[in-house]
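Chemist: return atomic coordinates for the entry below.
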Amino acid sequence: MSATPAPTERPAAFEPTRIIVTGADSGIGRATAVALAAPGRQVAVTWHEDEPGAQATAEEVRAAGATAHVRRLDLSEPRNGTAVVDELAEAMGGVDTLVMSSGTGSSTLLLEMDWSTWRDVVAVDLDGAFCCLQAAARHMVAAGNGGRIVAITSVHEHAPRVGAGPYCAAKGGLGLLVKVAALELAEHGITVNAVAPGEIATPMTGQEDESVLEDKYRPGIPVARPGDAREIAATVAFLCGPDAGYVNGASWAVDGGMLTMGPMAGSHLTSDDWRRP
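Modeler: This is a model prediction of the structure:
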């Protein structure tokens with residue numbers, strides 16, 4: 001009788017300990033920084049225009065038992081991403097987790113858009129993300145302990161929106177950058193994934209982190225409401241944690257079923273309002 005094969009040993013679990021969350025002064029970034037905060041962890045928070053918001057996030061991080069670091073990051077000059085990631089890695093003694101939540105957008109038809117608007121959105125949402133990802137990945141590879149990288153994209157990584165040309169182009173590009181990075185970094189124990197939110201009640205959508213349950217009926221979304229930033233953060237936290245080691249190169253739509261509407265949404269429109277931002 002042949003011997004029973006020994007069970008395959010499960011790979012060592014990864015735990016995020018030195019974490020950078022860009023754009024963490026509000027919305028999804030803030031919720032993510034707080035979700036990842038825990039005793040023994042360091043969480044770096046970056047901000048562009050809202051320093052009080054970033055400091056408030058840092059206080060929540062500390063209340064959860066983690067050490068907080070706060071830095072300004074202006075990705076309109078994308079190479080600032082490299083410098084700030086390097087600075088934070090030095091301050092924390094390395095970096096093993098990067099969540100890229102910084103972003104901007106536009107609401108202008110292509111025929112009416114000026115070059116500077118196009119470049120500003122693409123610089124922040126794609127070029128800046130590349131610089132942050134590359135810098136963090138270099139630190140992770142040098143340390144040799146694996147890592148996690150998550151990009152916050154959008155449902156518009158996958159589907160277009162009138163008036164959002166540069167945003168859609170940048171998020172679509174970022175989605176493919178994630179996939180390339182997932183292939184290239186896997187041998188170093190680093191996973192790279194995207195989370196693609198739908199409408200989330202945050203300042204980015206003009207909702208100032210409001211409740212998603214009060215006066216927020218959305219008939220075009222199957223669950224009939226916007227999302228809460230903490231629902232996105234929970235998904236990100238999973239992808240950064242020990243149970244997501246086999247998730248790599250994925251883009252997780254967290255949109256209440258919005259993308260699955262497809263022709264259901266188009267065939268039920270009753271006016272040409274969709275033609276304008």
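
Chemist: so what's the residue count around the closest residue to Val223 other than its chain neighbours?
Modeler: The spatially closest residue to Val223, leaving aside those adjacent along the chain, is Gly256, at 3.8 Å (C-beta to C-beta, 6 or more residues apart in numbering). Backbone N, C-alpha and C define where each C-beta goes, glycine included. Applying other C-beta atoms under 10 Å, we find 24 residues neighbouring Gly256.

Chemist: what sits against Gly256?
Modeler: Gly256 makes contact with 198-199, 218, 221-227, according to C-beta atoms under 8 Å, 6 or more residues apart in numbering.

Chemist: check which helix or strand covers it.
Modeler: Using DSSP states H and E, Gly256 is not contained in any helix or strand.

Chemist: what about it, distance to Asp215?
Modeler: 17 Å (C-beta to C-beta, to the nearest Å).

Chemist: ok, now Ala35?
Modeler: Ala35 is 26 Å from Asp215, by C-beta to C-beta.

Chemist: kindly report the same for Ala66.
Modeler: In terms of C-beta to C-beta, Ala66 sits 35 Å off from Asp215.

Chemist: out of these two, which sits in the busier spot?
Modeler: Ala66 (22 against 6).

Chemist: residues in contact with the more buried one?
Modeler: 36-43.

Chemist: now with 6 Å, please.
Modeler: 37-38, 41, 43 (C-beta atoms under 6 Å, 6 or more residues apart in numbering).

Chemist: again with His156
Modeler: 168, 171 are the contacts of His156 under C-beta under 6 Å, 6+ apart.

Chemist: go again with 7 Å.
Modeler: 164, 167-168, 171 (C-beta atoms under 7 Å, 6 or more residues apart in numbering).

Chemist: most surrounded residue in those residues?
Modeler: With neighbours taken as other C-beta under 10 Å, the top of the contacts of His156 is Lys171, carrying 26 neighbours.

Chemist: got phi/psi on that one?
Modeler: phi -70, psi -40 (degrees, to the nearest 10).

Chemist: can you check the pLDDT for it?
Modeler: Note on Lys171: pLDDT of 98.

Chemist: next one: it from Ala194, what distance?
Modeler: 9 Å.

Chemist: overlap in contacts of those two?
Modeler: In contact with both Lys171 and Ala194: 153, 157, using C-beta under 7 Å, 6+ apart.

Chemist: the closest residue to Gly29 other than its chain neighbours - how many residues pack around it?
Modeler: Leaving aside its sequence neighbours, Gly29 sits nearest to Ser101 (C-beta to C-beta, 6+ apart; 3.6 Å). Counted with other C-beta under 10 Å, residues neighbouring Ser101 total 28.

Chemist: now swap in the one 5 residues further on and tell me
Modeler: Using other C-beta under 10 Å, Ser106 has 17 other residues around it.

Chemist: equivalent analysis for His158, please.
Modeler: Residues near His158, counting by other C-beta under 10 Å: 17.

Chemist: swap in Gly173?
Modeler: Neighbours of Gly173 (other C-beta under 10 Å): 18.

Chemist: mind listing what's buried in the helix or strand hosting it?
Modeler: For Gly173, the element it lies in under DSSP H and E is helix 165-185. Within helix 165-185, the residues that count as buried by 16 or more other C-beta atoms under 10 Å are 165-175, 177-179, 181-182, 185.
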